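Novice: build me a model from this:
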Amino acid sequence: MDRNSILLSICIPTYNRLDHIKRQLDFFKQEGAYFNEEIQFIVSDNHSLDGTGEWLRDFAAIYKIQIITQSENVGGPANFVAIQEYAIGEYIWLPGDDDRLCKGILKKILDTLKKHSDIAHIFINYACVKGSKLINENVYKGESGYYKSGYLMFEQITKEGGLGLLMFQTANIYRREFVNHTNRIIEKHGETESFSRPLGYSLYCSMYPGYLIPEVMIEDEMASTSWDSLGVMVWCRDMIAMCDVVGTQIGMGEKVRALLISNLPRMCPEYEYIIRGRKFSKDNYAWKMYKKYFKKRLVLDAIIYPIYTGFRILRKILCRFIGKWGY
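Specialist: Prediction:
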């Protein structure tokens with residue numbers, strides 16, 4: 001494989017989801033990914049126990065695809081990073097194995113990269129589904145197309161749909177050299193276990209032009225989100241740290257931090273996070289950022305909001321009984 005000819009590295013981390021990875025690889029087969037000399041295709045199996053590894057090896061024997069097999073389960077974030085080390089393309093795409101992609105998405109991506117060779121980041125509009133139920137048919141409805149200012153695109157996406165859109169790795173494609181730069185920044189600050197790396201990549205790439213594809217070409221399968229059980233951790237802690245670490249590095253720490261805080265969900269569940277708790281190491285950078293920027297929110301969520309919520313519930317119960325008794 002000629003390293004100089006690879007435009008896009010498609011990298012899929014997977015673990016114990018044989019049916020998902022089968023469907024996803026079949027989709028890319030229909031898209032012609034394995035026969036396109038401009039594409040490198042890699043799958044990293046995080047020591048699956050459901051036959052995924054064996055099936056992947058058989059598949060790779062027929063199609064042009066590189067398989068990485070972890071000797072043990074290294075965890076989601078580590079597997080996510082490990083696969084990137086094998087990428088050689090100018091751009092890198094890390095689609096989830098569970099998300100549904102629309103026909104023609106690969107051609108759309110390649111055409112955009114060729115037409116706008118100066119861009120560092122592509123964001124693809126998507127829909128959210130949960131099983132057969134449509135949750136959101138169009139997550140982004142704002143201005144699309146080419147952005148000379150990548151930060152303007154970053155800011156527009158955030159204001160339109162929150163930073164969660166930039167956290168969704170399937171909808172984001174990055175220039176690979178900037179992904180590598182960002183990974184070094186993250187490792188330097190001890191954030192290697194963070195699930196918010198895609199946000200960091202988007203932020204670093206915001207120093208350069210970007211492109212926003214308005215067509216809905218992805219269905220985000222929310223029911224099988226790989227970090228769903230860690231959602232509280234992601235929203236309350238890792239994102240603020242990622243914004244601070246990468247934002248400071250590119251000289252926009254305060255601006256990006258303010259953007260994040262002003263666009264968090266109205267009720268960011270810091271209290272629930274402390275109760276369920278991921279233990280913070282003493283010198284962890286994100287913990288320092290959490291204590292620095294979330295003190296007021298913690299008071300609100302841990303004390304005022306539960307009292308307010310309890311009062312509303314009690315009032316609703318009393319009103320129901322009062323109505324039942326005929327008062």
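
Novice: ok, Glu193 - how many residues close by?
Specialist: When neighbours are counted by other Cβ atoms under 10 Å, Glu193 registers 16. Bear in mind the C-beta positions are built from the backbone N, C-alpha and C, glycine included.

Novice: so what's it closest to, chain neighbours aside?
Specialist: Leaving out its chain neighbours, the residue that sits closest to Glu193 by Cβ to Cβ, 6 or more residues apart in numbering is Pro77, at 5.3 Å.

Novice: show the pLDDT at the one you found.
Specialist: In this model, Pro77 is scored at 81, pLDDT.

Novice: what's in contact with the one helix or strand it maps to?
Specialist: Using DSSP states H and E, Pro77 sits within helix 76-84. Contacts to helix 76-84, defined as Cβ atoms under 8 Å, 6 or more residues apart in numbering, come from residues 11-13, 15, 42-44, 46, 68, 70, 74, 92, 94, 169, 176, 179-180, 183, 192-195, 197, 226-227.

Novice: could you identify the buried members of these?
Specialist: Applying 16 or more other Cβ atoms under 10 Å to these, the neighbour count classes 11-13, 15, 42-44, 46, 68, 70, 74, 92, 94, 169, 176, 179-180, 183, 193-195, 197, 226 as buried.

Novice: residue ranges with poor pLDDT in this structure?
Specialist: 1-4, 223-237, 264-306, 308-309, 321-327 (pLDDT under 70).

Novice: mind redoing it with 50?
Specialist: 226-233, 266-280, 325-327 (pLDDT under 50).

Novice: give me the subset of the contacts of helix 76-84 lying in helices.
Specialist: 176, 179-180, 183, 197 (DSSP state H).

Novice: and these as TSV, adding distance to Val216?
Specialist: Below are these laid out as TSV (distance: Cβ to Cβ, whole Å):
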residue	distance to Val216
Arg176	26
Val179	25
Asn180	30
Asn183	30
Arg197	24
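
Novice: which one of the residues you listed is nearest to Gly310?
Specialist: Closest approach to Gly310 among those (Cβ to Cβ): Arg197, at 37.6 Å.

Novice: quick check: the gap between that closest one and Leu212.
Specialist: The spacing between Arg197 and Leu212, counted by Cβ to Cβ, to the nearest Å, is 20 Å.

Novice: what's Gly145 sitting at in phi/psi?
Specialist: phi 100, psi -150 (degrees, to the nearest 10).

Novice: how near is the residue nearest to His181 when sequence neighbours are not counted to Glu221?
Specialist: Counting by Cβ to Cβ, 6+ apart, the nearest residue to His181 once its immediate chain neighbours are dropped is Tyr204, at 6.2 Å. Distance, Tyr204 to Glu221, by Cβ to Cβ: 27 Å.

Novice: okay, the two: which has more neighbours?
Specialist: Comparing Tyr204 with Glu221 by other Cβ under 10 Å, the one with more neighbours is Tyr204, at 26 against 18.

Novice: for the helix or strand harbouring the more buried one, name the packing helices and strands.
Specialist: Here Tyr204 sits within helix 197-205, counting by DSSP H and E. Applying 3 or more Cβ pairs under 8 Å, 6 or more residues apart in numbering; DSSP states H and E, we find helix 197-205 packed against helix 76-84, strand 121-124, helix 150-161, helix 164-167, strand 172-175, helix 176-188, helix 239-249.

Novice: show me the contacts for the closest residue to Asn138 other than its chain neighbours.
Specialist: Computed as Cβ to Cβ, 6+ apart, the closest residue to Asn138 that is not its neighbour in sequence is Val216, at 5.7 Å. For Val216, the contact set (Cβ under 8 Å, 6+ apart) comprises 102, 125-127, 137-138.

Novice: let's have those residues in CSV, adding distance to Leu113, neighbour count and secondary structure.
Specialist: Formatted as CSV, those follow (distance: Cβ to Cβ, whole Å; neighbours: other Cβ atoms under 10 Å; DSSP: H, G, I helix; E, B strand; the rest coil):
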residue, distance to Leu113, neighbour count, secondary structure
Cys102, 18, 15, coil
Asn125, 17, 21, coil
Tyr126, 19, 26, coil
Ala127, 23, 17, strand
Glu137, 26, 11, coil
Asn138, 23, 13, coil
